[in-house]
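Q: Sharing a model that was predicted from the sequence below.
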Amino acid sequence: MDLTRLFSLVPLIVFLPALGLLVNLIFGKKFSETVIGTVASTASGLAFVVSAALGYALWTTGGAAQVVPFAEWIHIGTLNIPWAFRVDTLSVLMMLVVSGVGTLIHIYAIGYMHEDVRFKNDPGRFQRFFVYLNLFIAMMMILVSGDSYLMLFVGWEGVGLCSFLLIGFWYEMDTLGRPSWANSNAAKKAMIANRVGDFGFLMAAFTIFWYFKSLSFDAVFAQAGQVAAVSPNVILFITLFLLIGVTGKSAQLPLFVWLPDAMAGPTPVSALIHAATMVTAGVYLVARSAPLYTLVPVAQQTVALVGGITALFAATIAVGQYDIKKVLAYSTISQLGFMVAAVGMGAFTAGMFHLVTHAFFKALLFLSAGSVILGMERGHHHLPHGEHGEHHEEVFDPGDMRNMGGLRKQMPVTFWVYLAGTLALAGIVPFAGFWSKDEILLDAARNFPVVYWLLTVAAFLTAFYMGRQVWMVFFGKPRHAAAEHAEESPKVITVPLMVLAGLSVLGGALNLPYLNSLSAWLGHTIEAAEREIAVAPWLQVSWGGLNPWVALLSTVLALAAIYFSWLIYGRKPLETGQVDPLKKALGPVFTIFERKYWVDEVYGALVVNRFVDLSRFLADVIDWRFWHDWFHEKVIAGTYQFLSKTVLNLRVDQQFIDAIANGLARLTGWVSSQLRRLQNGFVRSYALAVLFGVVIILGYLLLK
Amino acid sequence: MTGSIPLSYYLALSGILFSMGALGVLVRRNPLIIFMSIELMLNSANLAFVAFARNIQSPAGQLIVLFVMTVAAAEVAVGLALIVIIFRNKHSINVDLMNSLKG
């Protein structure tokens, strides 16, 4: 069979989810919940099959990039942007992650959505959720398979829209199901923060089109060298504006603030969109734009520094959080910082490797956290009403880790998979996270020592806050009656968790030192930019991409962090209502972490409120008083009234228009009074006129 | 004898007759006289037709004369009927009194 013909299947990765979406949209009202979920999961699963087929075809044909034109899209003058699919090792890797992890999350969501305390048996909601999920898969596929910056942007905006729709999925309530606009506000926050980033993306795209006369990747990268030689600042401008887009979508400093609030969405959404796939689009964008970034070291350093600082910053906040999902949210920001730092340093393979493994273990952690929350809710539901009568008024938060404890006995499956995810995230050998994080750290150590130390501290904190979470959630004694009665989740939830746990354990095999299979795979697309940098002697030791010292240091730090977390949270478990022991040790520093450096408050004071003030000023003073009261009422209406009253009415209407009409009438009257004399009634004068007429006509005819 | 009188003589006579008829129509007030003048004009035209017909040896001109005479008869019949009606209404047939269309 001619394998190259497989490439023409690529539009299916978008159209299969779109088909699933349409089926659920049109017929979903008649389907049961299981059927809706099955349709959506099948659509996503088939997209995974197609992606796998593409990957196989690419592998057998040697990994050369394929561009599959699909339809003409924009064709104005010299601007010609078709809708073309790009199948290369990088995009296929992303397709596999998106559809693979996406399918598992679809299946999980069938079980999860029904049990969500906010669900309240509304069949329309269930249908809508899976329509949105399939739309997200389709949009993400457009993003990763687009052959031009504009097509990528279509997907970029599409996933942004899905993110907005799904964060605000329970739009009329807050995270605990109480009537409130909190979830809507979180969705709006995500939308607005991303608009700032999209502004950067668009500026970059405009600049690219202005200087390269094209937006397709091949054309742009082919000319990048020439343009850089003539005007290097252009490339710097483009890459830095792209970085703004990355900070928006991938939740980096300073635009990360929307991601923690995005946890208002249903947990499968947090796992799929806000951990595994959409937020990594920024990392993908930098990796895709590698030929541009490698031309400007300043931009690379900026990207790496932003990633490194974000990784540490978010990791410190995660230490001080109590909500199980908030910890994971800040952890996601921190891990995205690792990836951004990696692709910024030119370690594109390491960044993409971490993207893949992170998709596995972070999706696993979020989904397990969802399972924990469901278990807590079940426990809370089973409580007899008298037993917690005194607590009845206060709202029970199933996501608060201070309510949990000892859950490993009630929820053994969830505990074990959570543990796998935790060890992978903490970077313990041989879990997936160790290999990818170690590769990033090694690249950082070689290229960018500042970022290396930032990331190392962040990695230490990562292991610490994950250890804290596990001790608080699964060990010790239940701190709330609900935790005591918590129940394990059904198979539809636990089976996807086990699959993801397997991937989290084994995912490192993708790019083991010595084998470097992922590097070789991505090498077809991204030619690694080798930069000549004086490397310290201790770093020159290398076992096929694994440096013993870097690996040892990160492992020792991770183990130490877990030990510390055991000292603080495991040895003497938290009691009900007890203040976090770390708060006593760290004092105000912990408060800073707990309150997230007051970033939201600072943004509120500096940006949001100033913006609201400006809007009020514009609305009241400029729009209402100036434009409405003065300009419209006084200037325009007044001028109009003056004109109509005096000029138009008196001068023009009465003295000009009327004069013409009256003059015409008078003229007609005068002419007719003159002509009336001809009609004198004497037959003979008429006969004379006839005679003259005949004489004149005959005379003319004869004499002409 | 036919060839002896040239065509111009006929035409001159026709012209004189026509002018007399036209003058009669213009200056006389009695409708009967006006009708007679009109007949004079018609017949002057007939004379010209016949003269031309003779000149070019064609019966067409003579044919038209027959039509003209028929039309003239019809015209006089209508005209006389009108005059009778006018006389009944106005007790006069002076054409200058018939000026009710005066503007």
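A: That came through, no problem.
Q: Up against chain A, what does chain B have?
A: Counting by Cβ under 8 Å from any Cβ of the partner chain, chain B comes close to chain A at B:22, B:25-27, B:29, B:95-96, B:98-103. The C-beta positions use only the backbone N, C-alpha and C, and glycine is treated the same way.
Q: any idea which of the residues you listed is least confident?
A: When these are compared on pLDDT, B:G103 comes out lowest, with 65.
Q: Now list the buried members of the residues of chain B next to chain A.
A: B:A22, B:V25, B:V95, B:M98 (16 or more other Cβ atoms under 10 Å in any protein chain shown).
Q: Number of residues surrounding the residue nearest to the third one when sequence neighbours are not counted?
A: In other words, B:V95. Counting by Cβ to Cβ, 6 or more residues apart in numbering or on different chains, A:V683 is the residue found nearest to B:V95 once chain neighbours are left out, at 4.9 Å. For A:V683, the number of neighbouring residues by other Cβ atoms under 10 Å in any protein chain shown comes to 18.
Q: If you average the pLDDT over the longest helix along chain B, what comes out?
A: The helix that spans the most residues within chain B, counting by DSSP state H, is helix B:60-90. Mean per-residue pLDDT for helix B:60-90: 91.
Q: Now do the helix or strand hosting A:S554: which elements does it pack against?
A: Taking DSSP states H and E as the definition, A:S554 sits inside helix A:548-565. Under the contact criterion of 3 or more Cβ pairs under 8 Å, 6 or more residues apart in numbering or on different chains; DSSP states H and E, the helices and strands touching helix A:548-565 comprise helix A:412-426, helix A:432-447, helix A:449-474, helix A:537-540.
Q: So which bits of chain A are right by chain B?
A: Remark: the part of chain A in contact with chain B comprises A:675-684, A:687-688, A:691, using Cβ under 8 Å from any Cβ.
Q: Check the gap between B:V84 and B:V71 for me.
A: Between B:V84 and B:V71 the distance, using Cβ to Cβ, to the nearest Å, works out to 21 Å.
Q: Repeat that for A:I317.
A: Distance from A:I317 to B:V71, by Cβ to Cβ: 120 Å.
Q: Which of those two has more residues huddled nearby?
A: Neighbour comparison, A:I317 and B:V71: the larger count goes to A:I317, with 26 against 11 (by other Cβ under 10 Å).
Q: Now do the SS call for that one.
A: The local conformation at A:I317, judged by DSSP: H, G, I helix; E, B strand; the rest coil, is helix.
Q: before we move on, the earlier item: from the residues of chain B next to chain A, which is closest to A:F396?
A: Within the residues of chain B next to chain A, distances to A:F396 taken as Cβ to Cβ reach their minimum at B:G103, with 106.6 Å.
Q: Which part of the stretch 101-250 of chain A gets nearest to chain B, residue-wise?
A: Using Cβ to the nearest Cβ, the point where the stretch 101-250 of chain A gets nearest to chain B is A:F206, with a distance of 80.2 Å.
Q: Who are the packing partners of the strand or helix carrying that residue?
A: Here A:F206 sits within helix A:182-212, counting by DSSP H and E. Based on contacts counted as 3+ Cβ pairs under 8 Å, 6+ apart, the elements that helix A:182-212 packs against are helix A:149-167, helix A:217-230, helix A:232-249, helix A:258-261.
Q: buried stuff in that helix?
A: Buried residues in helix A:182-212, defined by neighbour count with 16+ other Cβ under 10 Å: A:182-194, A:196-198, A:200-205, A:207-209, A:211-212.
Q: got the angle for that helix vs helix A:217-230?
A: Computed by axes from the mean of the first three to the mean of the last three Cα atoms, to 10 degrees, the angle separating helix A:182-212 from helix A:217-230 equals 60 degrees.
Q: Tell me the gap between helix A:182-212 and the middle of its chain.
A: Using Cα atoms, centre = their mean, to the nearest Å, we find the averaged C-alpha position of helix A:182-212 to lie 10 Å away from the chain's own average C-alpha position.
Q: Okay, angle between that helix and helix A:232-249 too, please.
A: Compare the direction of helix A:182-212 with that of helix A:232-249 by the same axes, to 10 degrees and you get 160 degrees.
Q: per-residue confidence averaged over helix A:182-212?
A: Helix A:182-212 shows a mean pLDDT of 92 in the predicted model.
Q: next one: stretch A:593-602
A: If you average the pLDDT over stretch A:593-602, you get 86.
Q: cool, and stretch A:169-178?
A: Taken as a whole, stretch A:169-178 has a mean pLDDT of 82.
Q: now the end-to-end length of that stretch.
A: Start-to-end span of stretch A:169-178 (Cα to Cα, to the nearest Å) is 14 Å.
Q: re the thing from before, just the buried positions in the longest helix of chain B, please.
A: With burial defined by 16+ other Cβ under 10 Å, the residues of helix B:60-90 counted as buried are B:G61, B:I64, B:V65, B:A72, B:I83, B:I86.
Q: which other helices and strands contact that helix?
A: Identification of packing neighbours for helix B:60-90 by 3+ Cβ pairs under 8 Å, 6+ apart yields helix B:31-56.
Q: Taking the stretch 1-150 of chain A, what residue is nearest to chain B?
A: Of the residues in the stretch 1-150 of chain A, the one nearest chain B is A:I76, at a distance of 71.0 Å by Cβ to the nearest Cβ.
Q: Could you give the bridge partners of that residue?
A: Taking DSSP bridges, one obtains A:L79 as the residues bridged to A:I76.
Q: in which helix or strand would I find A:P82?
A: Assigned by DSSP H and E, A:P82 falls within strand A:79-87.
Q: how about the helices and strands packed on helix A:548-565 in JSON lines, adding mean pLDDT?
A: Formatted as JSON lines, these follow (pLDDT from 0 to 100):
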{"stretch": "helix A:412-426", "mean pLDDT": "93"}
{"stretch": "helix A:432-447", "mean pLDDT": "87"}
{"stretch": "helix A:449-474", "mean pLDDT": "92"}
{"stretch": "helix A:537-540", "mean pLDDT": "53"}
